[in-house]
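J.: sequence-free structure coming up:
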C-alpha cells in the first residue's frame, strides 16, 4: 500500500498562443512539467509532512508518475482575472487524515480564491470530525471555532492568479499539492 509521507505545494502561470502550451508553461513555472502527473482526490494523508518545493523535487525523477491534487484555470479573454488555488486543512491528530481542496475561478484575487479554497478544505475536515458550525457565518468566525476546538491545527492555501494578456494569449494558472511516496 502506498501512502504519501511527504508533500510540497507549488504554483505557476503560463502564457502562449496555444491553450495546451500555456498549460505546459504554467507547469514549467511551477517546476513540475517533467513528471507524468496523475490527478487524485483531495485527502491529506495521515502523518504527511509538508516540505519545501526544492526538497520535494529532490525525491522525484523526470518521467516519474507523480500524484497531484491540482487546480487550473485558463482563458484567452483579454484582461480577464483568473485564479487557481489549493486549500489545506490539517487535523491536530496526525493519525487522522486531513483535506486538500481545489478551487479555480474567474474574477477572484489571490486572497479571495485562497480564502475560498482554505474554507472548502476546513469545512470538509470539520464535518468529518463532527464539529458543529453555522455554515452562514463568515470564514473568520468558522476558522476561530475550528481552531478553538483543538481538532484542526492548521489551515492555509497556495494560490496563483493572473490577468490574461491584453492581446488574448492563452493564460493558464495552476496550483498543486505534489504527493511524494
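T.: That came through fine. These numbers come from a predicted model, not from an experiment. Residues are numbered from 1 along each chain as shown.
J.: okay, and the helix or strand of this structure with the least pLDDT?
T.: Lowest by mean pLDDT, DSSP states H and E among the helices and strands of the chain is helix 139-149, with a mean of 68.
J.: and residue 111, how many residues sit next to it?
T.: 12 (other CB atoms under 10 Å). Quick note: C-beta positions are derived from backbone N, CA and C, even for glycine.
J.: what about the strands in the protein?
T.: 6-16, 36-39, 43-44, 49-50, 65-75, 81-91, 98-106, 152-163, 170-180 (DSSP state E).
J.: what's the spacing between the fifth one and its chain's center?
T.: Using CA atoms, centre = their mean, to the nearest Å, the mean C-alpha position of strand 65-75 is found 8 Å from that of the whole chain.
J.: quick one on the thing from earlier: as TSV, the strands of the chain with distance to residue 58, mean pLDDT and mean neighbour count would be great.
T.: What follows is the strands of the chain, written out as TSV (distance: least, CB to CB, whole Å; pLDDT from 0 to 100; neighbours: other CB atoms under 10 Å):
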stretch	distance to residue 58	mean pLDDT	mean neighbour count
strand 6-16	10	98	21
strand 36-39	18	98	12
strand 43-44	21	96	20
strand 49-50	14	96	14
strand 65-75	13	98	21
strand 81-91	21	97	26
strand 98-106	22	98	23
strand 152-163	19	92	21
strand 170-180	10	98	26
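J.: including distance to residue 130, could those go into JSON lines?
T.: Listed next are those as JSON lines, based on distance: least, CB to CB, whole Å:
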{"stretch": "strand 6-16", "distance to residue 130": "25"}
{"stretch": "strand 36-39", "distance to residue 130": "29"}
{"stretch": "strand 43-44", "distance to residue 130": "17"}
{"stretch": "strand 49-50", "distance to residue 130": "25"}
{"stretch": "strand 65-75", "distance to residue 130": "24"}
{"stretch": "strand 81-91", "distance to residue 130": "12"}
{"stretch": "strand 98-106", "distance to residue 130": "14"}
{"stretch": "strand 152-163", "distance to residue 130": "12"}
{"stretch": "strand 170-180", "distance to residue 130": "25"}
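J.: of all those, which lies closest to residue 59?
T.: strand 170-180 (4.9 Å; CB to CB).
J.: so what secondary structure elements neighbour the closest one?
T.: strand 6-16, helix 19-30, helix 53-58, strand 65-75, strand 81-91, strand 98-106, strand 152-163 (3 or more CB pairs under 8 Å, 6 or more residues apart in numbering; DSSP states H and E).
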